[in-house]
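K.L.:
Sequence plus the predicted model coming up.
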Number of protein chains: 2
Amino acid sequence: MPTLPDADAKSGWIDAETKVAEAPADHGDELRLWLRLLTCSTLVETEVRRRLREEFDFTLPRFDLLAQLERAVDGMVLGALSKRMMVSAGNLTALVERMVESGHVSRTTSPADRRVQIIALTDHGRAAFRTMADRHGDWIGSLFADLSAQDRKALMAGLARLKGSVRRALDAPSQTG
Amino acid sequence: MPTLPDADAKSGWIDAETKVAEAPADHGDELRLWLRLLTCSTLVETEVRRRLREEFDFTLPRFDLLAQLERAVDGMVLGALSKRMMVSAGNLTALVERMVESGHVSRTTSPADRRVQIIALTDHGRAAFRTMADRHGDWIGSLFADLSAQDRKALMAGLARLKGSVRRALDAPSQTG
């Protein structure tokens, strides 16, 4: 059962892995691995959300939007941004609206096609993002601090193999299950 | 930038890892590892959501609720369920409401305290969950099929180390960042 959050007695963190006991006998190893992976990513993501909120009064979707735009020097068209972020155009429009109001983002009409809106970082948005991105790097560095360089290298290799396996399965859906 | 989904040209899947190029020089290794981990878990979770929807017309929160209840033979009090699933009581009440209507879940008043409601699986809900959980095991088995037993073992060990590192950092928040 992959996405079953469980309260950890000590910290209150999700720990999906704790309920692997009753995993079906077949694929038990794979399920245990998946739940451990999910536990790790949930722990980190929850902490990133919490710190963004506490230190910057910022949400993860807002942070993600700035991060997307930071890479696009000339801004991005709303449709492309929506696709890139895998967020519906309606939700993204509302998010952009709020971030125009907060001064992080600008929205201009394309000179080439007046129906097209271009979203870009403002100077304020760029500066705010750099500050948060630096802190974000510190958070991750701190959360991963007990891993040696060799631990990291081994995990990178193992996760690359896992990612390859998942992608191959997704590219051949008829053979799945 | 941890949670930046990126469209993969071929499959349309999120791939946060592709934007690690501009990670800050410090903590670069840790950021790359985090993004690879996030990419893997997002790929799998998105696929699980998609398959639940396509094969069973079911959502992940509904599946998670059944999974929680399956472990509680005598049902669970709403408050405990809310805490366990890390979902607000309001959202959970709405979810339970719908699943009572669909016949997966029953809601009864505690004989000991009439203010307390007990949520439990119905026979229908239990059977539906078993069917979906078996399929879920198949999906994960298929997605992870290219990993050898040794790959899985190495990943389990590496992720255990990562989880330990994250938990230690979370237990000592004053030293974080």
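P.N.:
Thanks, I have the structure now.
K.L.:
and residue A:134, that one's in a helix?
P.N.:
Yes - assignment of residue A:134 by DSSP: H, G, I helix; E, B strand; the rest coil places it within a helix.
K.L.:
Would you check how far apart it and residue B:110 are?
P.N.:
The span separating residue A:134 from residue B:110 equals 51 Å under the rule CB to CB, to the nearest Å. To be clear about C-beta, it is placed using only N, CA and C from the backbone, and glycine gets the same treatment.
K.L.:
next one: residue A:131
P.N.:
50 Å.
K.L.:
Please apply the same query to residue A:124.
P.N.:
As it turns out, when the distance is counted by CB to CB, residue A:124 lies 54 Å from residue B:110.
K.L.:
lowest-pLDDT helix or strand in chain A?
P.N.:
The helix or strand of chain A with the poorest confidence is helix A:78-85; it has a mean of 85 (mean pLDDT, DSSP states H and E).
K.L.:
elements contacting that helix?
P.N.:
Under the contact definition 3 or more CB pairs under 8 Å, 6 or more residues apart in numbering or on different chains; DSSP states H and E, helix A:78-85 sits against helix A:60-71, helix A:89-101, strand A:117-121.
K.L.:
name the helices or strands packed onto the helix of greatest length in chain A?
P.N.:
Ranked by residue count, the top helix of chain A under DSSP state H comes out as helix A:28-56. Using 3+ CB pairs under 8 Å, 6+ apart as the contact test, the elements touching helix A:28-56 are helix A:60-71, helix A:123-143, helix B:28-56, helix B:123-143, helix B:149-171.
K.L.:
just so I know, which of those helices lies nearest residue A:30?
P.N.:
Checking the helices and strands packed on helix A:28-56 against residue A:30 by CB to CB gives helix B:123-143 as the closest, at 4.9 Å.
K.L.:
Could you give the separation of that closest one from the chain centroid?
P.N.:
Using CA atoms, centre = their mean, to the nearest Å, we find the averaged C-alpha position of helix B:123-143 to lie 14 Å away from the chain's own average C-alpha position.
K.L.:
For that helix, buried residues please.
P.N.:
Within helix B:123-143, the residues that qualify as buried are B:125, B:128-129, B:132-133, B:135-143, counting by 16 or more other CB atoms under 10 Å in any protein chain shown.
K.L.:
ok, is it in contact with chain A or not?
P.N.:
Yes - shown here: helix B:123-143 in contact with chain A (CB under 8 Å from any CB of the partner chain) through B:133, B:134, B:135, B:136, B:137, B:138, B:139, B:140, B:141, B:142, B:143.
K.L.:
Next, the angle helix A:149-171 makes with that helix.
P.N.:
Using axes from the mean of the first three to the mean of the last three CA atoms, to 10 degrees, one finds that helix B:123-143 and helix A:149-171 are set 110 degrees apart in direction.
K.L.:
how does chain A divide into domains?
P.N.:
The record, using automatic domain parsing to delimit domains, assigns chain A the ranges A:1-57, A:58-138.
K.L.:
what's the first-to-last distance across the longest one?
P.N.:
This means domain A:58-138. Between the start and the finish of domain A:58-138 there is a gap of 17 Å, counting by CA to CA, to the nearest Å.
K.L.:
just to revisit the earlier point, can you put the helices and strands packed on helix A:28-56 in CSV and add mean pLDDT and distance to residue A:93?
P.N.:
Converted to CSV, the helices and strands packed on helix A:28-56 look like this (pLDDT from 0 to 100; distance: least, CB to CB, whole Å):
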stretch, mean pLDDT, distance to residue A:93
helix A:60-71, 92, 12
helix A:123-143, 96, 17
helix B:28-56, 93, 23
helix B:123-143, 96, 33
helix B:149-171, 96, 35
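K.L.:
want to try TSV for those helices, with distance to residue B:97 as columns?
P.N.:
Compiled in TSV, the helices and strands packed on helix A:28-56 are given as follows (distance: least, CB to CB, whole Å):
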stretch	distance to residue B:97
helix A:60-71	27
helix A:123-143	37
helix B:28-56	20
helix B:123-143	14
helix B:149-171	34
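K.L.:
I'd like to know which of those helices lies nearest to residue A:80.
P.N.:
Closest approach to residue A:80 among the helices and strands packed on helix A:28-56 (CB to CB): helix A:60-71, 9.5 Å.
K.L.:
helices and strands around the closest one, which ones?
P.N.:
Packed on helix A:60-71, when contacts are counted by 3+ CB pairs under 8 Å, 6+ apart, are helix A:28-56, helix A:78-85, helix A:89-101, strand A:105-109, strand A:117-121, helix A:123-143.
K.L.:
quick check: angle from that helix to strand A:105-109?
P.N.:
What separates the directions of helix A:60-71 and strand A:105-109 is an angle of 60 degrees, with the same axes, to 10 degrees.
K.L.:
buried set for helix A:60-71?
P.N.:
Burial within helix A:60-71, assessed by neighbour count using 16+ other CB under 10 Å, is assigned to A:60, A:61, A:62, A:63, A:64, A:65, A:66, A:67, A:68, A:69, A:70.
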